[in-house]
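J.: how would this look folded up:
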Amino acid sequence: MMNNIILETSGLKKVYNVGKGNAQTVLKSINVQIKRGEFVTVMGASGCGKSTFLYNISGMDKMTAGSVVFDGQDISTLSERELSNLRLTKMGFIFQQGHLLKNLCIFDNIILSAYLEKSNSRKEINKRAIELMKKTGISELADKDITQASGGQLQRVGICRSLINQPKIIFGDEPTGALNSKATNEIMELLENINEIGTTILLVTHDVKVAAKSERILFMIDGNIVGEKHLGKYVKENQDIRKREEQLSSWLIDMGI
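T.: The predicted structure is shown next:
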């Protein structure tokens, strides 16, 4: 029987040396579980450790102590090459800035990681990329340079790229932070659809409107997760998003933000 937990941290700690004899503890013994298919957001004031948490649980940064078990595998035991392969095959990433390659057209940016992963033929990869671009409404951009697309369109490119290898989890670091409200709503609807088909999503965000569409919110202060709010799955057809936003805002005030 498959374990229902896709990601679990135990005593996760991150310390940076900031000068001779000085150390800054950014993550303080974090214990958390993420279930398969969950949509989770992490909130907290700037500098509380949200992004550091994301980078450590995804293996992009090396933890100081503790463990992170992803899909049954303790990533603290993996080499850099093994971590890179894990991220390539089982994880997808969406950032506030797209980190797209300027020397590649949009289509090539989307397919690059799948070509590197090498588990499918080029024909299969190209077909999947075309399908993803169609679903996200950016088919007409395939041959364009990234300078010819809007911020919202580039985030759609990032979503296509994150999904090209059919990952088990999508990590997002403020993926809507630089977008206007219309583009934010469009990106969130895409992420909701991705989550509905079973992909786990974990986002870092400051935006109550974004977090209110998630299933569970983790609240962080000074490197600790100090509380969580369960809102349940958001079902657009029969739930008032404003009530969820009000619930969440009230809880955040109680938490001291």
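J.: give me the mean pLDDT for whatever helix or strand residue 67 lives in.
T.: Using DSSP states H and E, the element containing residue 67 is strand 65-70. Here the mean pLDDT over strand 65-70 is 96, rounded to a whole number.
J.: repeat that for stretch 96-106.
T.: Here the mean pLDDT over stretch 96-106 is 86, rounded to a whole number.
J.: also stretch 159-178?
T.: When pLDDT is averaged over stretch 159-178, the result is 91.
J.: endpoints of it, how far apart?
T.: In terms of C-alpha to C-alpha, to the nearest Å, the two terminal residues of stretch 159-178 are separated by 15 Å.
J.: kindly report the same for stretch 58-67.
T.: The stretch stretch 58-67 measures 12 Å between its terminal residues, going by C-alpha to C-alpha.
J.: ok, residues contacting that stretch?
T.: Applying C-beta atoms under 8 Å, 6 or more residues apart in numbering, the contact partners of stretch 58-67 are 9-15, 27, 29-30, 52, 54-56, 68, 70, 74-76, 78, 83, 86-87, 91, 93, 171. For glycine as for every other residue, the C-beta is placed from the backbone atoms N, C-alpha and C.
J.: redo that, cut-off 6 Å
T.: Counting by C-beta atoms under 6 Å, 6 or more residues apart in numbering, the neighbours of stretch 58-67 from elsewhere in the structure are 10-15, 55-56, 74-76, 83, 91, 171.
J.: now, among those, which is nearest to residue 241?
T.: Of all the contacts of stretch 58-67, residue 171 has the smallest distance to residue 241: 23.6 Å, by C-beta to C-beta.
J.: which residues does the closest one contact?
T.: Applying C-beta under 6 Å, 6+ apart, we find residue 171 in contact with 54, 58, 93, 202.
J.: now it: which helix or strand?
T.: In this structure, residue 171 sits in strand 169-173 according to DSSP H and E.
J.: that strand to strand 65-70, inter-axis angle?
T.: In terms of direction (axes from the mean of the first three to the mean of the last three C-alpha atoms, to 10 degrees), strand 169-173 departs from strand 65-70 by 130 degrees.
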